[in-house]
Each structure stands twice: as structure tokens, then as C-alpha cells.
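no sequence on this one, just coordinates:
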């Protein structure tokens, strides 16, 4: 088989590992907010190779948007390179939520794909609020910026009515990339059931705002995430060397791919911390009636169409912003750095991103209190401490009591998980040993059709022994509660 060699330019590099036959693999196109990856994943869940590229945002008009042309050109080259090394069984797209493509009659983008962090005008915010469905209908509050998918469609319709009339189909982001590969259109419930206000959670049908303004009529046929969307287009086959019969699955919303991996493996009664730019926390047991819309608690929808209680905290972005407060240092913090911050009382208070999410009213007001940070190493340690404290609040909001599982980017930070385990001493915390769990969940949509889903190896996280942490936590929460 072939294994990837890391490279600074983001392209996959391969070295032969002594096996002549190409291994069967699924290619997962994982479109993240920050990076786009293509991974070759075999039947045993091993990542045989991967390629990645940044996912930059371009300025308007009419709004900030991802560079889809650059991503597609990269995707074709990456597929060609991986397809030469593995025997591709299928392609599965997965992508971040709150994002859609509006297509015209020829299948071209009628508008650039809106970046969910683009700011809406006061007119769009006010006018949409007048027609938005109640929280009890969609279990989704009106999120800041462009995150709410129904409001993105509302904005396009309100600000560009003539151009909007040319829209003939709307698909979530993962299905847009499936369309680019196959020419076939569909949508799946995970994406529109993830805080869009387009779906009425109790019934699984279109929401009142979707029906009132005809948004529902713009979406094609709904399919399950593991259905075959279509076969790759002949021009894709020619450009990549793949057989024309290569199937492309409908695909899945990224954090639901992560959550689905654990449900497909038979796990129940747990809380999942799915971390990337966002920390999306799923709890299998909290009734939706307990969700607090003021704290960015919302319903999600899993790959089977079942609602699940969820809380959102932009932990990955917060971690990056705090860790860079003293620039990009090269040193890695040790535990004595964390202890020094706690003894001094240096604290990061929410939130450094503009959303606020778990901490309403704090968007863009994040700051450090207490003695100043000495250097970049202390900033990195403070980021781990701060995000763990924020995660602790999220788990309280979800009334999490049982097994907690950490997956994704934050699992790679050596300080965060032990700090969180110490804060949640009454709960078992385990870290998934699977890298790229979102991509593995997406790949499992195909592999589970040919063999039983294997169990997930979880590594228990030992709580860090940190003197003064309980008192620091109490003082931090008191500071956060003050207006």
C-alpha cells in the first residue's frame, strides 16, 4: 500500500510500503471552513493517504464567499493523485453547515456561495426577524451573522430579487460538491436539520418560513446520506483516471458525520465533543424541551433523521485567537505554565470571536484579566485553559452526566483534555484514537454496506492534577457572569 508523507505545500506525497497491490479505499472530500481535505480510507478505517489545501474566503460583492473554482481545480488534481495509488470504491462528500449553493437552470451558481460569517445589513436582520419561525418549531434561534441558512436565502431574495428569480435549485454544501462530481441534485436531512430554520424539528417537514416564501420548492429530492447520488461525470473520469461507474454518495454534514460514526458503532447514552473551528456538542439524552435558545443550544439531526440536543461553542476559533495574543511563538507550554497562570489569576474571558454563542452578549468583547501574558507560550497555555473552561459550561448546559467523548482538533492539544477531565471529575472522559473522525464517519456511510461497523477505540483521559483549579474555575465563572 501507500502512505502519505507530510509536505509543506499541502499536496499529498507517497512512499511505497512494500505491497504491490493497490488497496480498496473510499475517497472522502472533507470541506471544512478553514481547510479542504481529500482522504483515502480503507475498509479497516486506515487513512492510506490524504491531500489538503486552505479554504480561503474571497470578498464580495455581493458577500464574502469561498473560492469554489480554486477548490474544484485542487480537488480534481487531488483525486487524480490518490486514485493512482488506491482502488477507489466510492467518493463521499462531507462539508460544514449553514451553507448552501443557489443554482440557475444550467446548474451554474446564481450567486457566490455565502460565507456564513458575512455580516447581514440591519434591514435583513430586522425584516427576517419579523417572519422567523418560533424556537419551538425549529429548535433553532436566530444566529448572528450569516449562519442561519433560511436568512441567507431571505437576504438573497430581498437584496437581489431579480437575480434570485433565476435560482432553480438550492443544495447544501456537501451536496453541491456531489453535484459537481455527478451532475445530480439532492439534499440530506443532516444539513438542513442543523440549525437552518428550514425544517420543523418535530415533524421533519418544511418549516413555516420555508413554505411561506417558497424556499421549499427550490430544494431537489431528499435522500439519505448513504444513498448513491450518482456516478461521476465522464469529464471527471477523464480528468482523474477514475472509472466512469465510480459512485458518489449523497454525503453528510460534517459534525453529523463525526457523531454518526459513534452511533453507527452502536454507542448510546454519551456526550460527543466534535471539535474543529466549532465545538459541536451532542448529547444523546437531553430532551429538546430543555434547550436554551439564549445559550446557542439547538437541535441537530443525525443521519437517520432523529433529532438530537446540541450546543455550539466556537472553541477552535477561540483557541486560535487566544493562543495568538502574543504572536506565533514556537515554544510549547508545559504544566508549570498552566500552574503559573492559575496562581497569578490570569484569565481569558469570552468571547474573542464575534458570535458570543454560549456566552450571549459577549461577541467581540473577549479580553484577558489579571497579570499580563509574558509570551506566546503562556498564551497557548491560556488558550487550552480557557477553552476547557468554556467546554465545561457547555457540558453543564446540556446536563451531561455520562460518558464524554472528545474527537477532532482539540483532541490533539496535550493540555486541553486533561484540564477538562479535571473539571469534569465525576464523568469519564475519553479521547477518540481515530484521526480525522469526521472523514471516517463519512467513509463509514459506504463501508457499513459491505461489513459491520467496527468498534471505536477510545483512550481514557486522566485528569490533570492542578492545584488551585477549582478555585480558579469558580472565580472565572463569577467573572463571566458579571455584565
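Thanks, I have it. Everything numeric here is computed off the predicted structure, so don't read it as measured data.

what's the burial count for residue 137?
Residues lying near residue 137 (other C-beta atoms under 10 Å) number 17. Placement of C-beta: from N, CA and C, glycine included.

I misspoke; the intended subject was residue 296.
A total of 26 residues lie near residue 296 under the criterion other C-beta under 10 Å.

test my guess that it contacts residue 358.
Yes: because the distance of 5.6 Å satisfies C-beta atoms under 8 Å, residue 296 is recorded as touching residue 358.

shared neighbours of these two, anything?
Common contacts of residue 296 and residue 358, defined by C-beta atoms under 8 Å, 6 or more residues apart in numbering, comprise 311, 312, 313.

which SS state does residue 89 fall under?
In the three-state summary, residue 89 is assigned as strand, counting by DSSP: H, G, I helix; E, B strand; the rest coil.

what's the local residue count around it?
Counted with other C-beta under 10 Å, residues neighbouring residue 89 total 19.

in contact with it: list those residues for me.
24, 25, 26, 446.

what's the helix or strand for the closest residue to residue 314 other than its chain neighbours?
With sequence-adjacent residues excluded and distances taken as C-beta to C-beta, 6 or more residues apart in numbering, residue 314 is closest to residue 353, at 4.9 Å. Secondary structure from DSSP states H and E places residue 353 outside every helix and strand.

distance-wise, check residue 353 relative to residue 133.
For residue 353, the distance to residue 133 equals 26 Å [C-beta to C-beta, to the nearest Å].

ditto for residue 125
Spatial separation of residue 125 from residue 133 under the definition C-beta to C-beta is 16 Å.

higher neighbour count, the two?
The neighbour comparison of residue 125 against residue 133 (other C-beta under 10 Å) goes to residue 133, with 20 against 15.

from residue 438, how far out is the more buried one?
29 Å.

cool, and residue 465?
Taken as C-beta to C-beta, the spacing of residue 465 relative to residue 438 amounts to 32 Å.

neighbour count winner among these two?
The neighbour count for residue 465 versus residue 438, taken as other C-beta under 10 Å, is higher for residue 438 (30 against 9).

so the more buried one is in which element?
According to DSSP H and E, residue 438 maps onto helix 437-447.

give the buried residues for the helix or strand just after that helix.
Downstream of helix 437-447, the first helix or strand assigned by DSSP H and E is strand 458-460. Buried positions in strand 458-460, judged by neighbour count with 16 or more other C-beta atoms under 10 Å: residue 458.

what's the distance between strand 458-460 and the middle of its chain?
If you compare the mean C-alpha spot of strand 458-460 with that of the full chain, they lie 22 Å apart, counting by C-alpha atoms, centre = their mean, to the nearest Å.

likewise stretch 154-166?
28 Å.

circling back: and the residue nearest to residue 314, what does it touch?
Residues counted as contacts of residue 353 (C-beta under 8 Å, 6+ apart) are 314, 317, 318, 321, 363, 364, 366.

for the residues you listed, could you give me JSON lines that also reports secondary structure, neighbour count and pLDDT?
Shown next, in JSON lines, are the contacts of residue 353 (DSSP: H, G, I helix; E, B strand; the rest coil; neighbours: other C-beta atoms under 10 Å; pLDDT from 0 to 100):
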{"residue": "314", "secondary structure": "coil", "neighbour count": "26", "pLDDT": "93"}
{"residue": "317", "secondary structure": "helix", "neighbour count": "23", "pLDDT": "94"}
{"residue": "318", "secondary structure": "helix", "neighbour count": "26", "pLDDT": "97"}
{"residue": "321", "secondary structure": "helix", "neighbour count": "18", "pLDDT": "97"}
{"residue": "363", "secondary structure": "coil", "neighbour count": "18", "pLDDT": "91"}
{"residue": "364", "secondary structure": "coil", "neighbour count": "10", "pLDDT": "93"}
{"residue": "366", "secondary structure": "coil", "neighbour count": "20", "pLDDT": "96"}
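
check what contacts the helix or strand harbouring residue 210 and list those residues.
Assigned by DSSP H and E, residue 210 belongs to helix 208-212. Helix 208-212 has contacts (C-beta under 8 Å, 6+ apart) with 131, 132, 133, 137, 150, 154, 197, 198, 199, 200, 215, 216.

mark which of those are buried, thanks.
By the neighbour-count criterion of 16+ other C-beta under 10 Å, those include these buried positions: 132, 133, 137, 150, 154, 197, 198, 199, 200, 215, 216.

in this structure the fifth one contacts residue 197, no?
No: with contacts counted by C-beta under 8 Å, residue 154 stays clear of residue 197, the gap being 9.6 Å.

quick one on the thing from earlier: buried stuff in the helix or strand following the helix holding residue 210?
Per DSSP H and E, helix 208-212 leads on to strand 228-231 as the next helix or strand towards the C-terminus. In terms of neighbour count (16+ other C-beta under 10 Å), strand 228-231 has its buried residues at 229, 230, 231.

same check on stretch 460-473?
461, 463, 464, 466, 469, 472, 473.

what sits against residue 254?
Applying C-beta under 8 Å, 6+ apart, the residues near residue 254 are 30, 31, 32, 94, 95, 96, 97, 174, 276, 438, 442.
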